[in-house]
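**Q** whatever this is, show me its structure:
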Amino acid sequence: TDAQLMPDSPRSRWVPDMDRGSLRLLLVLSIVSLSNSMDRFVFSVLVEPIRLDLELSDTAMGLLSGLAFTAFFALFGIPIARWADRGHRIKLLSGVVALWSLATAAGGAAQNFAQMFLCRAGVGIGESGCWPISHSLLADRFPPTQRAFALGTFQAGGGIGVLLGLLFAGLIADALGWRWTFVVIGLPGLLLALLVRVALKEPRDFSSVTPTGSGTLAATWASVSGLLALRSYRHILASYVLTAAGIFGMIQWLPAFLMRSHDLTLSQVGLWYGLVFGTGAVLGLLVGAVLAPRWVARDRRWEFWLTALAYLLSVPLFASLLLVPHTGLAFVLIFLSIFVSTSGQGPLMAGIQTIAGGEARAMAIALALTASVVGQTIGPFLIGWFSDAWQPRMGTDSLRYAMLVPLALLTWGVLHLYMAAGSLLEDSRD
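**A** Residues are numbered from 1 along each chain as shown. You can find the predicted model right below:
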């Protein structure tokens, strides 16, 4: 098969050999990941102008950053994943790309909290299908010891999307306003949806797959309960809730923090935060993707140990960037914290596929992302709530100290990753 063309030993080269089909799949899906992250994170740069224009509180912006997106992401993620595990993944992926692109563009027309909430919900519904479908396709195409490379590369596309989204959002917003920023960044995704449909082919043999309409509810429950029966997977879900609350909360509020505590303009935040954050994310994901296969080939538990180590090291870096008074040093610490925390993402995703096996790949990712969005709801909201509560006493510094709160949850999540590694070999299905 095509996957067998790739080396599968500790002595394999840093970048595996790939046939044209595998290379094309990885390239297009990485572009999809780029669009996914760009459309998701552009909102974080625009928090302040949206808040001022729509006259909203920090708590309301925390809800738009978190709940509006994550609740619908979680609600639709599992049924879309079930469809992906049984249906035509290319058609489905093309559809969700078109949906989140249109919803992003529609955000530019929002006139109040409710309308912006609906737009963010639309982005959440569309993006809930991106990772389950893409991970399912990549895990089918690449052998186990090279999945960390493939999934890390896929996520590096997302890192580039964060970089471009943050960079262009600030520049476009300064020139055209926040409303046109959503339109300019969202609409090109429709062309990407067409590219997915035309350039990729569904590798699944439908003659051996149960139709999507046959016993869907029973089959979905069987898939979910089978995963939840695994001790390592339960720890992974717990870690996703906790680590997402810490990291996502930081990411969503950092632009506003830089504007309030370091007196940066919107365009300065878009330029420097976008470059520093995006570069750190891309390099972290790529370094993790390249180095992880060597460690994983020796012991599969490194799929979770590497992530736990990366998150643990990032905690003091995140805390330090909030407390230093010098803006340049704060940006250095932003780079280091993002570089370190993202370096474990590829191994973590590969570990989930190790647990899931061939019949529940998309479902395993969807459940993990559902857990993640719970954390993504908690993190931004907690920061917004504490910031509002402490503002009368601390003034603009209330946000600085509120952003320290979710880091305790990030540390707690590391413990669950370590416990998940202890059961990985026993629970492995792949």
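**Q** could you use CA atoms for every contact and neighbour count after this?
**A** Fine.
**Q** tell me which element the most far-flung residue of the chain relative to its centre falls in.
**A** In the chain, counting by CA atoms, centre = their mean, Arg393 sits farthest out from the average C-alpha position, at 34.7 Å. Following DSSP states H and E, one finds Arg393 within helix 361-394.
**Q** what's the first helix or strand after that helix?
**A** helix 397-402.
**Q** buried ones in that following helix?
**A** In terms of neighbour count (16 or more other CA atoms under 10 Å), helix 397-402 has its buried residues at 397-402.
**Q** give me the lowest-pLDDT entry from those.
**A** Looking at the buried residues of helix 397-402 by pLDDT, the weakest one is Asp397, with 85.
**Q** that residue contacts Ser261, doesn't it?
**A** Yes. With contact defined as CA atoms under 8 Å, Asp397 and Ser261 form a contacting pair (6.8 Å).
**Q** which other residues reach the strand or helix carrying Ile355?
**A** Assigned by DSSP H and E, Ile355 belongs to helix 345-356. Outside of helix 345-356, the residues within contact range by CA atoms under 8 Å, 6 or more residues apart in numbering are 139, 144, 147-153, 155, 227, 233, 285, 288-289, 292, 300, 302-304, 306-307, 361, 364-365, 424, 427-430.
**Q** now, of those, which are buried?
**A** Buried residues within the contacts of helix 345-356, counting neighbours by 16+ other CA under 10 Å: 139, 144, 147-153, 155, 227, 233, 285, 288-289, 292, 300, 302-304, 306-307, 361, 364-365, 424, 427-428.
**Q** for Val15, give me the pLDDT.
**A** As predicted, Val15 sits at a pLDDT of 56.
**Q** now do the SS call for Glu202.
**A** The local conformation at Glu202, judged by DSSP: H, G, I helix; E, B strand; the rest coil, is coil.
**Q** count the neighbours of it for me.
**A** When neighbours are defined as other CA atoms under 10 Å, Glu202 has 13 of them.
**Q** now it: phi and psi?
**A** Per-residue torsions, Glu202: phi -70, psi 120 (degrees, to the nearest 10).
**Q** and for it, nearest residue in space, chain neighbours not counted?
**A** Closest residue to Glu202 apart from its sequence neighbours, by CA to CA, 6 or more residues apart in numbering: Ile90 at 5.8 Å.
**Q** per-residue pLDDT, the one you found?
**A** 91.
**Q** now do the same contact list for it.
**A** By CA under 8 Å, 6+ apart, the residues touching Ile90 are 196-197, 200-202.
**Q** secondary structure class for it?
**A** Classification of Ile90 using three-state DSSP returns helix.
**Q** state the distance from it to Thr396.
**A** Remark: distance between Ile90 and Thr396 (CA to CA, to the nearest Å) = 47 Å.
**Q** could you do Asp58 as well?
**A** With CA to CA as the criterion, Asp58 and Thr396 are 12 Å apart.
**Q** more neighbours: the two, which one.
**A** Asp58 (20 against 15).
**Q** tell me the spacing between the closest residue to that one other than its chain neighbours and Leu323.
**A** Excluding its sequence neighbours, the residue lying closest to Asp58 (CA to CA, 6+ apart) is Gly384, at 5.1 Å. Using CA to CA, Gly384 is found at 18 Å from Leu323.
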